[in-house]
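J.: Mind folding the following:
(chains A and B)
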Amino acid sequence: AQRVTQPEKLLSVFKGAPVELKCNYSYSGSPELFWYVQYSRQRLQLLLRHISRESIKGFTADLNKGETSFHLKKPFAQEEDSAMYYCALSGLVSGYSTLTFGKGTMLLVSP
Amino acid sequence: ETGVTQSPTHLIKTRGQQVTLRCSSQSGHNTVSWYQQALGQGPQFIFQYYREEENGRGNFPPRFSGLQFPNYSSELNVNALELDDSALYLCASSLGGGGPNNEQFFGPGTRLTVL
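T.: Sure thing, here's the model as predicted:
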């Protein structure tokens, strides 16, 4: 079974502080991992995916297969980063590609 | 380009009733996935439709069923509603069967309350 764990429900930091949102996964195959974000009153949207190895809005995430982690990081948090963040894993279940989400972490960035 | 739309926005039903939720996919997308998001939880995969065929199913009972139409819009039907079915139901559209290389675009959701 594939599983995604986000251990923190809430992460509160001050503007300019570094941010790390933790994500651990369980999957027997080779996973594809994503971070989705939901800003207040907006719909869920893709932030970044590990296969692209990109930085979006200053956020990066590195897949660590040894630690089965895909933590989201940003060196200097901004107030507009306040949102709900979901880590997600795409893997095969019964031959079909399935997206499994974690429970999410609320990031609050204070001025 | 038109984004994913869902209707209705909110819905209240009683236990044992049946409900139909609707989703219009983003222009050009042929794949629709449905998710259930309970309060305080992440979205949980219900099933996916690709070119009008079910293309994957999560751990949901048969009373959760769906359809996809030739224009790629979709319906989620839930029979014999239970209190635990109260949740936000999200629809997401994508291209090509919804594989990991195909970004899913989410709708705003339908909030279902079962009393």
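J.: give the contact list for B:Ser94.
T.: If you count contacts by CB atoms under 8 Å, 6 or more residues apart in numbering or on different chains, B:Ser94 has them with B:His29, B:Thr31, B:Ser33, B:Asn102, B:Glu103, B:Gln104, B:Phe105. For the C-beta atoms, the positions are set from N, CA and C on the backbone; glycine is no exception.
J.: At which residues are the strands of chain A located?
T.: Assigned by DSSP state E, the strands in chain A fall at A:3-5, A:10-14, A:19-21, A:24-26, A:32-38, A:45-49, A:60-61, A:72-74, A:83-93, A:96-101, A:105-110.
J.: Direction included, what does the third one pair against?
T.: Read that as strand A:19-21. Looking at strand A:19-21 with DSSP bridges, its partner strands are strand A:72-74 (antiparallel).
J.: With the shortest one instead?
T.: Sheet pairing here is set by DSSP bridges, and for strand A:60-61 it gives strand A:72-74 (antiparallel).
J.: Report the mean per-residue pLDDT for the strand it pairs with.
T.: In this model, strand A:72-74 has an average pLDDT of 97.
J.: How far does it sit from its chain's centre?
T.: Counting by CA atoms, centre = their mean, to the nearest Å, strand A:72-74 is centred 9 Å from the centre of its parent chain.
J.: what does it contact?
T.: The contact list for strand A:72-74 (CB under 8 Å, 6+ apart) reads A:18-21, A:23, A:35, A:47, A:57-61, A:81, A:85, A:87.
J.: which residues touch the closest residue to A:Val37 other than its chain neighbours?
T.: Of all residues not flanking A:Val37 in the chain, A:Leu47 sits nearest, at 4.4 Å (CB to CB, 6 or more residues apart in numbering or on different chains). Going by CB under 8 Å, 6+ apart, A:Leu47 touches A:Phe34, A:Trp35, A:Tyr36, A:Val37, A:Ile56, A:Lys57, A:Phe59, A:Leu72, A:Tyr85.
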